[in-house]
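Enquirer: Here is a sequence together with a model predicted from it:
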Amino acid sequence: DAKTTQPPSMDCAEGRAANLPCNHSTISGNEYVYWYRQIHSQGPQYIIHGLKNNETNEMASLIITEDRKSSTLILPHATLRDTAVYYCIVGAGGSTLGRLYFGRGTQLTVWP
Amino acid sequence: GAVVSQHPSRVICKSGTSVKIECRSLDFQATTMFWYRQFPKQSLMLMATSNEGSKATYEQGVEKDKFLINHASLTLSTLTVTSAHPEDSSFYICSAPPVLRGDYGYTFGSGTRLTVV
């Protein structure tokens, strides 16, 4: 079962930052927070993941609270192509320990 | 990064026939592959976990005899939908976990759109 809670939908103006929240209050110590997005009729695309520290890559930034019970994905300058369903998932990672259970995700709509 | 190649991308089959979906890990060895199903406007539902050289493990409620999973090599996992019916029409997606824990994200195939007529 999914262990995360996300708002069902959000929207954002093009060029502005999109901040997508996620609650994962039951996360355990060895579980990572993963963010994926899915554009219609495609496989999910990896965005970023983290364990404790904040992370940044060319796509996004991930802010994890100190107690690790919630996180925020930040798309610094949203574009129309960022319109997608964004999934926040927790998983142990690696080998058979790492089943990922998807929740409903957040439909992000970027408008011009 | 790691790539999982999934084929076919789309398939239409007649009711009662079987369809095989392949997922290949490119440039890395996937000892484990996860299989998901996604109905329109719904999230991905984990169906089963395939492990190279051993039997797959199925999530509760998934029919083992209907969804046959084979993971005969470190780079190939297959899902066969047997005796397909229109209600099996769905989007099927495979995923391989990172080789090293925390190394990178899980890699997903591009998905297979199955339509049973």
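Expert: On my side now, so go ahead. For clarity, every value in this text was computed on a predicted model and none was experimentally measured. Numbers count the residues shown, from 1 in each chain, chains lettered A, B, ... in the order given.
Enquirer: measure the residue most central in space within chain A to chain B for me?
Expert: Centroid-nearest residue in chain A: A:Trp35, 3.2 Å away (criterion: CA atoms, centre = their mean). Distance, A:Trp35 to chain B, by CB to the nearest CB, to the nearest Å: 8 Å. Heads up, the C-betas are built off the backbone N, CA and C, glycines and all.
Enquirer: A:Gln45 is in contact with that residue, correct?
Expert: No - counting by CB atoms under 8 Å, A:Trp35 does not reach A:Gln45; the two are 9.8 Å apart.
Enquirer: Find the helix or strand that the residue nearest to the centre of chain A is a member of.
Expert: For A:Trp35, the enclosing helix or strand under DSSP states H and E is strand A:32-38.
Enquirer: The residue nearest to B:Asn70 when sequence neighbours are not counted and chain A, how far apart?
Expert: Leaving out its chain neighbours, the residue that sits closest to B:Asn70 by CB to CB, 6 or more residues apart in numbering or on different chains is B:Thr78, at 4.9 Å. Distance, B:Thr78 to chain A, by CB to the nearest CB: 17 Å.
Enquirer: With just CA atoms, put the strand or helix carrying B:Thr80 into CSV.
Expert: Element membership for B:Thr80, per DSSP H and E: strand B:76-81. Only the C-alpha atoms of strand B:76-81 are listed here, as CSV (Å, rounded to 0.1, in the frame of the first residue of the first chain):
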residue,chain,number,x,y,z
LEU,B,76,15.2,-10.2,-19.5
SER,B,77,11.9,-10.5,-17.7
THR,B,78,8.6,-11.3,-19.4
LEU,B,79,4.9,-11.0,-18.5
THR,B,80,2.5,-13.2,-20.4
VAL,B,81,-1.2,-12.4,-20.2
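Enquirer: what comes into contact with that strand?
Expert: Residues outside strand B:76-81 that contact it (CB atoms under 8 Å, 6 or more residues apart in numbering or on different chains) are B:18-25, B:30, B:33, B:35, B:47-48, B:50, B:52, B:66-71, B:88, B:92, B:94, B:114.
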